[in-house]
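> Have a look; sequence and predicted model below, questions after that.
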Amino acid sequence: MFTVYALYSDTFNKIYIGFTSDLEARVLSHNQLATKGYTIKYRPWRVIHTEIFATKAEAMKREKQLKSAAGRNFIHSLIK
């Protein structure tokens with residue numbers, strides 16, 4: 001199982017979209033464990049959306065859709 005997720009940083013008004021096979025560990029990484037990368041600059045993050053997929057290919061396809069303009073508009077609509 002793979003989870004596509006959207007994170008939101010209230011402090012910086014930023015969103016991040018990704019996928020993982022272990023959401024709990026991934027969110028911990030974004031918020032505490034990672035030492036480099038985009039997400040460390042905008043901590044803390046909170047999960048605002050998740051979708052579950054059976055295959056990695058399906059999750060990657062949905063992640064790509066959410067990263068499009070229409071997908072980002074959908075994610076921003078969840079924040080409001």
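Nice, thanks for sending it over.
> What's the end-to-end length of stretch 44-62?
Using Cα to Cα, to the nearest Å, one end of stretch 44-62 lies 24 Å from the other.
> tell me the secondary structure for the nearest residue to residue 41 once chain neighbours are set aside?
Excluding its sequence neighbours, the residue lying closest to residue 41 (Cβ to Cβ, 6 or more residues apart in numbering) is residue 12, at 7.9 Å. All C-beta spots, glycine's among them, are computed from the backbone N, C-alpha and C. Counting by DSSP: H, G, I helix; E, B strand; the rest coil, the backbone at residue 12 sits in coil.
> partner strands of the host helix or strand of residue 49, parallel or antiparallel?
Here residue 49 sits within strand 46-53, counting by DSSP states H and E. With DSSP bridges as the test, strand 46-53 is paired with strand 2-9 (antiparallel).
> chain center to the strand it pairs with, what's the gap?
Centroid displacement of strand 2-9 relative to its chain, using Cα atoms, centre = their mean, to the nearest Å, is 2 Å.
> and if you look at stretch 45-64?
Relative to its parent chain, stretch 45-64 has a centroid offset of 8 Å by Cα atoms, centre = their mean.
> What about residue 18, how many residues nearby?
Look at residue 18: counted by other Cβ atoms under 10 Å, it has 18 neighbours.
> likewise the one 3 residues further on?
Here the number of neighbours of residue 21 (other Cβ under 10 Å) works out to 11.
> Repeat that for residue 75.
Neighbourhood size, residue 75 [other Cβ under 10 Å]: 18.
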